[in-house]
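Asker: Pasting the sequence and the predicted model now:
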Amino acid sequence: MLEVIANYLSLLSWLVVLWALAISAVIISINRYSDIINPVTGALASQAAVTCLLSAAASCLRFDGSQHSELALKVVMMVSSAFILAMVAGALIRIRWAERCLSALLCRGRVAVGVMRPLPAATMFMFISAALLVLVAVNGGGGMMWLIAPRVAYLTSRAGVGLLWAASAWALIIAVTLSIYQTRSGIGRMAIVALGCMFGLQLGSKAIPLAILLLVMMHQHWCIKPLPLTIWVLAGILVPIILSALLWLQRYDQSGSSSDEYLAEYSTTAARGIDLLGSDGGWFFGSAWKTSLWQFVPRNLMPQKPFVYGEVLLHEELYPGLAELGHTPGVPSWILGFMEAGLVGVVAMGFAAGQLHGTMFRVVGRRRCAPADLLLLTQWGVFPILLYSNAISTLGIYYLLRIVIGDGDKGVSSRPILKERLLGSRGQAEFRIARANRIRHRSE
């Protein structure tokens, strides 16, 4: 059925529709929230910007019919369009019981401990990151390769030590998060960004320097002074350029892929799956979701953990044995839903993702810009800067920061987050009423 609908438009027309939906959603959300950083743009940035939008454009540019059919690529773009629509709807619709559940999960209203000041804590986490990277180099077999050619070591020497590598990356992000609270000078922030990016490149992942840049921009926008719209537009233009530059710097990557090839692989992999397994999805009927629970089990604790689970089931069909080598091609963020229930699964997955972003902004966005809240809101509301971090590890990091640093009221140069700008017109009215009630109770 999806093939029939996809054939109504040409490949270029589907690309235009996909991008038009995304741009329209951004314009509507900016008008609603009076801020470019909002639940809709956060959902689009984290779930669709690379894996759906840029990948669709790159795959159209590179399409030659040798890897997959044109019809399959049309279906991919159509499904991406449905995913974006569902995600935008989920971000805009307010479900109050979801907000109460998230607030209870985050222990909102409870006093955090705060046993250390930010600078000593940042130094401690930086040493932890370096020590974990040394353990990765020793136990993973990469050795000095992590200093000479970190990208090659990242691709070939993480098997069995993936959790240690991820913990090293998380400790680096936490160290940068705490460091930026200790300086308000532009030079100091630039130095922190430069050092963080240099160390991040040694971890071999292109995403870590981009995550550090985004984190610093989020702190500036939410906790010091909102960045103008032109800065964000310019950043959106520069991201593909920076990604291409990082690919060039890490050109000793075994795949030798260019930036457009790297971006196109998300759509290309999905299109190949559609050609092989059918365009209506629902290929695994629940087995992919059930096996995806293995992501919560560290391989260090259970060495017999399978290499093929979740969305990797598709990779095993397309590239047998590749998962055991430790590297698989990227796939769109909606692929698991499509594998399970076709278009219905994609819509459900998109709505859930949008609802998470909207609920995060409404719950965490009302609090002070404490380090733990900044990290969590950026991770779950804007873009996943904690690489390979699932829900359990993200919450663990959040609770750890609240214990170590507290809520940022002592010794931290944080300001209240711009609450009214994050809540929309209805939320602004509720916020003003609540503020007026607090003032009246104080006067009484």
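Answerer: That came in fine, so what should we check first? Numbers count the residues shown, from 1 in each chain.

Asker: C-alpha only now, for contacts and for neighbours.
Answerer: Will do.

Asker: starting at the chain centroid, how far to the helix or strand where Met87 lies?
Answerer: Assessed by DSSP states H and E, Met87 sits inside helix 70-92. Taking CA atoms, centre = their mean, to the nearest Å, the mean C-alpha location of helix 70-92 is offset from the chain mean by 18 Å.

Asker: Buried residues, the helix or strand that that helix is followed by. List them.
Answerer: Remark: after helix 70-92, the chain's next helix or strand is helix 96-105, criterion DSSP H and E. Within helix 96-105, the residues scored as buried using 16 or more other CA atoms under 10 Å are Ala98, Glu99, Leu102, Ser103.

Asker: avg pLDDT for helix 96-105?
Answerer: Taken as a whole, helix 96-105 has an average pLDDT of 87.

Asker: Which residues does the helix or strand following it contact?
Answerer: Using DSSP H and E, the helix or strand that follows helix 96-105 in sequence is helix 118-140. Residues outside helix 118-140 that contact it (CA atoms under 8 Å, 6 or more residues apart in numbering): 142-146, 157-161, 164-165, 167-172, 174-179, 181-182, 203, 404-405, 411-412.

Asker: go again using 6 Å as the cut-off
Answerer: Gly143, Ser157, Arg158, Val161, Ser168, Ala171, Leu172, Ala175, Leu178, Ser179 (CA atoms under 6 Å, 6 or more residues apart in numbering).

Asker: From the residues you listed, pick the one nearest Val312.
Answerer: Among the contacts of helix 118-140, Arg158 lies closest to Val312 (CA to CA), at 17.1 Å.

Asker: wait, is the closest one part of a helix?
Answerer: No - with DSSP: H, G, I helix; E, B strand; the rest coil as the criterion, Arg158 is coil rather than part of a helix.

Asker: Now do the spatially closest residue to it that is not a sequence neighbour: how many residues are near it, please.
Answerer: Leaving aside its chain neighbours, Arg158 sits nearest to Gly140 (5.8 Å; criterion: CA to CA, 6 or more residues apart in numbering). Residues lying near Gly140 (other CA atoms under 10 Å) number 21.

Asker: again, but for the one 4 residues further on
Answerer: By the other CA under 10 Å criterion, the neighbourhood of Met144 contains 13 residues.

Asker: State the distance from it to Pro150.
Answerer: For Met144, the distance to Pro150 (CA to CA, to the nearest Å) stands at 9 Å.

Asker: same question, Val161
Answerer: Taken as CA to CA, the span from Val161 to Pro150 is 15 Å.

Asker: low pLDDT regions in the stretch 1-150 of the chain?
Answerer: Along the stretch 1-150 of the chain, segments meeting pLDDT under 70 span 108-114.

Asker: do the stretch 201-350 of the chain as well
Answerer: Judged by pLDDT under 70, the stretches of the stretch 201-350 of the chain that qualify are 243-259, 280-282, 300, 326.

Asker: can you give me the helices in it?
Answerer: Using DSSP state H, counting those that start in this stretch, the helices of the stretch 201-350 of the chain run over 207-219, 229-249, 259-277, 287-292, 312-318, 335-364.

Asker: Can you say which of those helices is packed in most?
Answerer: Neighbour counts (mean count of other CA atoms under 10 Å) averaged over each of those peak at helix 335-364, with a mean of 24.

Asker: which non-adjacent residue is nearest Cys197?
Answerer: Per CA to CA, 6+ apart, closest to Cys197 is Pro209, 4.6 Å.

Asker: quick one: that neighbour and His315, what's the gap?
Answerer: 28 Å.

Asker: if I look at Ser157, how far off is Glu324?
Answerer: According to CA to CA, Ser157 and Glu324 sit 12 Å apart.

Asker: more neighbours, these two?
Answerer: Higher neighbour count among Ser157 and Glu324: Ser157, with 24 against 13, using other CA under 10 Å.

Asker: any idea how far that one is from Ala149?
Answerer: Noted for Ser157: a distance of 11 Å to Ala149, by CA to CA.

Asker: Show me whatever sits in contact with both of the two.
Answerer: What both Ser157 and Ala149 touch, as defined by CA under 6 Å, 6+ apart, is an empty set.

Asker: Quick one: residues contacting Val146.
Answerer: If you look again at residue 146, you'll see it is Trp, not Val. Ala153 are the contacts of Trp146 under CA under 6 Å, 6+ apart.

Asker: Next: His327.
Answerer: By CA under 6 Å, 6+ apart, His327 lies in contact with nothing.

Asker: Now with 7 Å, please.
Answerer: Leu155 (CA atoms under 7 Å, 6 or more residues apart in numbering).

Asker: repeat for Ile385
Answerer: Ile385 neighbours (CA under 7 Å, 6+ apart): Ala211, Gln379.

Asker: So it lies in a helix, does it not?
Answerer: No - per three-state DSSP, Ile385 lies outside any helix segment and is coil.

Asker: State the distance from the residue nearest to Cys197 to Tyr319.
Answerer: 30 Å.

Asker: same thing with Val152?
Answerer: Val152 is 20 Å from Tyr319, by CA to CA.

Asker: contacting residues for the nearest residue to Met145 once chain neighbours are set aside?
Answerer: Closest residue to Met145 apart from its sequence neighbours, by CA to CA, 6+ apart: Ala153 at 5.8 Å. Contacts for Ala153 were tallied using CA under 7 Å, 6+ apart; they are Gly142, Met145, Trp146.

Asker: just Pro298 next, same as before
Answerer: Leu163.

Asker: Check the gap between it and Ile28 for me.
Answerer: 41 Å.

Asker: ok, now Ile237?
Answerer: Distance from Ile237 to Ile28, by CA to CA: 20 Å.

Asker: show me the contacts for the spatially closest residue to Ala353 that is not a sequence neighbour.
Answerer: Leaving aside its sequence neighbours, Ala353 sits nearest to Met87 (CA to CA, 6+ apart; 6.2 Å). With contact taken as CA under 7 Å, 6+ apart, Met87 is in contact with Gly350, Phe351, Ala353, Gly354.

Asker: cool, and Phe83?
Answerer: Trp334, Val346, Val347, Gly350.

Asker: got a list of what the third one touches?
Answerer: Pointing back at Val347 there. Val347 sits in contact with Ala82, Phe83, Ala86, where contact means CA under 7 Å, 6+ apart.

Asker: And those residues, which is closest to Ala191?
Answerer: Distances from Ala191 to the contacts of Val347, taken by CA to CA, are shortest for Phe83, at 39.3 Å.

Asker: can you pull the contacts of the nearest residue to Ser46 once chain neighbours are set aside?
Answerer: The shortest distance from Ser46 to any non-neighbouring residue, by CA to CA, 6+ apart, is to Phe383 (4.5 Å). By CA under 7 Å, 6+ apart, the contact list for Phe383 reads Gly42, Ala45, Ser46.
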